[in-house]
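Undergrad: here are the coordinates; sequence isn't available:
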């Protein structure tokens, strides 16, 4: 986006500010963007920027609301096109909106919740055998498939891209979920040491409130460990975050030892549901790591996705690397979103449901389809 000439007053200046802020928030992350950076991007002075927005929080809310409102369309084809037009929407909602106050985040998320309800209603109209919970799970999974384009950089010809994303969304909408019973609750695991207790507590608090909003003393208090004693185990808060992220990445990497894509899919779903706080941090907080830890973790994440792509191409060699990567990212985003959403991850049998949904996206033999879509 090119900035207007300095000194001019375009009528769409507010829209230009929102667009520039969105680009900077996605590229750098909200904490690393100053209001002055945004003013420079649209060639205005800070005072002119503050005539439109009182502060960075208000601007972030406008950016996220603008992105989500762009999805207010009907039909899977139109929705697929909208998410490809706004490939930033997933990052803005899932990563950057966490910097808003909870009440404000809830407010700006209304268009997305409304869209999920509409999709769930359409699914039940076409598939009356679905329960309300099943329809909700499939609706949110359809949305996760579509916004997954935010988390990869595959560049396909636009008509083919529209067709691929529409077909993947339709595949999820048509999944026949198994007859599921109660999912056994995850057994409570007692931390093996005070260090592990601190790490588990920090991971939970960082996921709930964001790294910047949690003081290391709060971690110690929540773990029942006196403030000074925390420093016997971790030098600072950054070390807590680095350890949590590297531990999570290592655990996921261990799952790659299997050569079976169905087994990897199930192990990823199981790990993500049981360790949703870690998954949350791997999505939202990697950008806060110091170098070289940030670079190393990004490399590890890239290699993890590429390992999935390689396994998928072993099964379907005619897919091509680009479409295979799109499918893999769609699966990972569905699992991640469900794991990070309390009312979805607590559904009975959700791990089995995720395995069936993922199998449909990867076109594995154990996928199920009702033959009906939206």
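TA: Ah, there it is. All values derive from a computational prediction rather than experimental measurement.
Undergrad: rest of the way, CA atoms for contacts and neighbours
TA: Fine.
Undergrad: wait, what's in contact with residue 63?
TA: Going by CA atoms under 8 Å, 6 or more residues apart in numbering, residue 63 touches 18-19, 21-22, 92.
Undergrad: Which of the helices or strands spans it?
TA: Under the criterion DSSP states H and E, the helix or strand holding residue 63 is helix 56-69.
Undergrad: Now tell me what touches the helix or strand that that helix is followed by from outside.
TA: Per DSSP H and E, the first helix or strand lying C-terminal to helix 56-69 is helix 76-85. Helix 76-85 is contacted by residues 70-73, 89, 146-147, 149, 162-163, 165-166, 169-170, 374 when judged by CA under 8 Å, 6+ apart.
Undergrad: Now do helix 76-85, average pLDDT.
TA: Helix 76-85 shows a mean pLDDT of 96.
Undergrad: swap in stretch 306-324?
TA: If you average the pLDDT values across stretch 306-324, you get 95.
Undergrad: Buried residues, it. List them.
TA: 306-313, 323-324 (16 or more other CA atoms under 10 Å).
Undergrad: That stretch: how far from the chain's middle?
TA: 22 Å (CA atoms, centre = their mean, to the nearest Å).
Undergrad: what sits up against it?
TA: 154-156, 164, 256, 259-261, 325, 328, 362.
Undergrad: If any of those are buried, give me the ChimeraX selection for them.
TA: Those of those that count as buried under 16+ other CA under 10 Å are selected in ChimeraX with:
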select :164,256,261,325,328,362
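Undergrad: want to throw the contacts of stretch 306-324 into CSV with distance to residue 125 and secondary structure?
TA: CSV is the format used below for the contacts of stretch 306-324 (distance: CA to CA, whole Å; DSSP: H, G, I helix; E, B strand; the rest coil):
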residue, distance to residue 125, secondary structure
154, 34, coil
155, 35, coil
156, 33, coil
164, 25, helix
256, 40, helix
259, 40, coil
260, 37, coil
261, 34, helix
325, 32, helix
328, 29, helix
362, 26, helix
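Undergrad: Reformat the contacts of stretch 306-324 as JSON lines; add distance to residue 224.
TA: Shown next, in JSON lines, are these (distance: CA to CA, whole Å):
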{"residue": "154", "distance to residue 224": "46"}
{"residue": "155", "distance to residue 224": "50"}
{"residue": "156", "distance to residue 224": "52"}
{"residue": "164", "distance to residue 224": "51"}
{"residue": "256", "distance to residue 224": "36"}
{"residue": "259", "distance to residue 224": "42"}
{"residue": "260", "distance to residue 224": "42"}
{"residue": "261", "distance to residue 224": "42"}
{"residue": "325", "distance to residue 224": "44"}
{"residue": "328", "distance to residue 224": "41"}
{"residue": "362", "distance to residue 224": "45"}
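Undergrad: so which of the contacts of stretch 306-324 comes closest to residue 337?
TA: Of all the contacts of stretch 306-324, residue 328 has the smallest distance to residue 337: 14.2 Å, by CA to CA.
Undergrad: could you pull out the helices for the stretch 201-350 of the chain?
TA: For the stretch 201-350 of the chain, the helices defined by DSSP state H, counting those that start in this stretch occupy 216-222, 227-230, 237-254, 261-274, 276-284, 293-315, 321-340, 342-345, 350-362.
Undergrad: Quick one, which of those helices gets closest to residue 58.
TA: Across the helices of the stretch 201-350 of the chain, closest to residue 58 is helix 276-284 (CA to CA), at 20.2 Å.
Undergrad: ok and that closest one relative to helix 321-340, angle-wise?
TA: 130 degrees (axes from the mean of the first three to the mean of the last three CA atoms, to 10 degrees).
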